[in-house]
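>>> Here is the input, now give the coordinates:
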Amino acid sequence: MKFMKFIMFTLICVLCVPVMAQDSNSDDKALNQFYTQFSTAFEQLDAEVIEELYAENACYIPEQQSQEITIGRENIGALYKAFFGKIKHKNAQIEVDFRVVERQMEGQSATDIGYYLIRFYPPKETEEPMSEFAGKFVTVSKKKADGKWYLTVDTNNRSEPSFYFSAKPSPNLYYGRQFTKTEDPLHHEQ
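From the prediction side, this is the model:
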């Protein structure tokens with residue numbers, strides 16, 4: 001009888017491990033998709049793409065000391081809309097890329113830690129060079145009842161671009177488009 005229970009227990013464990021690993025891989029893919037959507041939103045200057053990533057009651061904690069915490073999906077979307085509006089008004093373009101260096105998952109919650117790099121391309125006619133700035137970020141995401149992941153906390157602060165460039169890829173974590181230090185800062189066609 002004990003032997004039969006042992007075999008049943010072992011069989012259950014063997015069958016469940018691939019399912020748990022598969023769930024973990026699909027969660028990693030879903031969480032990594034956030035960064036692809038952020039990149040697309042920046043390239044298209046489309047705040048709606050970003051707004052849909054946030055939970056209804058999400059909190060955005062900005063790096064600036066003079067800005068308060070923003071609470072709520074629509075309010076966060078409004079921040080991005082205003083930011084993208086400034087870029088559009090200047091007839092400029094912007095790109096963002098991310099490198100996630102750590103992901104901590106517990107149940108239906110995930111915390112991502114990493115670096116980002118933003119490149120700003122002024123209008124061609126200004127003949128100004130591309131500029132870039134970088135930072136560190138922490139996001140907290142939760143898997144809701146609909147099975148989708150949503151950002152619930154988003155915070156960042158500035159850092160040296162060298163941290164972004166020296167970040168090493170980790171298995172299953174988003175590692176971006178591989179901006180390089182030597183990349184020729186070409187203006188993109190609009």
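>>> who touches Gly77 in this structure?
The contact partners of Gly77, by C-beta atoms under 8 Å, 6 or more residues apart in numbering, come to Ala47, Glu48, Ile50, Glu51, Tyr54. C-beta here means a position set from N, CA and C on the backbone, and glycine is covered the same way.
>>> run the last query once more with 10 Å
By C-beta atoms under 10 Å, 6 or more residues apart in numbering, the residues touching Gly77 are Ala47, Glu48, Val49, Ile50, Glu51, Glu52, Leu53, Tyr54, Ala58, Thr70.
>>> Equivalent analysis for Ala55, please.
Counting by C-beta under 10 Å, 6+ apart, Ala55 touches 72-73, 76, 140-142, 144, 148-153.
>>> Spell out which helix or strand contains it, please.
Assigned by DSSP states H and E, Ala55 falls within strand 54-61.
>>> and the following helix or strand past that strand, what's its mean pLDDT?
Sequence-wise, the next helix or strand downstream of strand 54-61 (DSSP H and E) is strand 70-71. Regarding strand 70-71, the rounded mean pLDDT is 98.
>>> Likewise for stretch 128-147?
On average, stretch 128-147 scores 96.
>>> same check, this time on stretch 92-100
The average of the pLDDT scores along stretch 92-100 is 97.
>>> Only the buried residues of that stretch, if you could.
Buried residues in stretch 92-100, counting neighbours by 16 or more other C-beta atoms under 10 Å, are found at Ala92, Gln93, Ile94, Glu95, Val96, Asp97, Phe98, Arg99, Val100.
>>> do the same with stretch 152-169
Those would be Thr152, Val153, Asp154, Asn156, Ser159, Pro161, Phe163, Tyr164, Ala167, for stretch 152-169 by 16+ other C-beta under 10 Å.
>>> and what of stretch 34-45?
Phe34, Tyr35, Phe38, Ser39, Ala41, Phe42, Leu45.
>>> Just the closest of these to Gly85, please.
Within the buried residues of stretch 34-45, the smallest distance to Gly85 is 8.2 Å, found for Leu45 (C-beta to C-beta).
>>> Can you give me every residue that contacts that closest one?
Per C-beta under 10 Å, 6+ apart, neighbours of Leu45: Tyr80, Lys81, Phe83, Phe84, Gly85, Lys86, Ile87, Lys88, Ala92, Gln93, Ile94.
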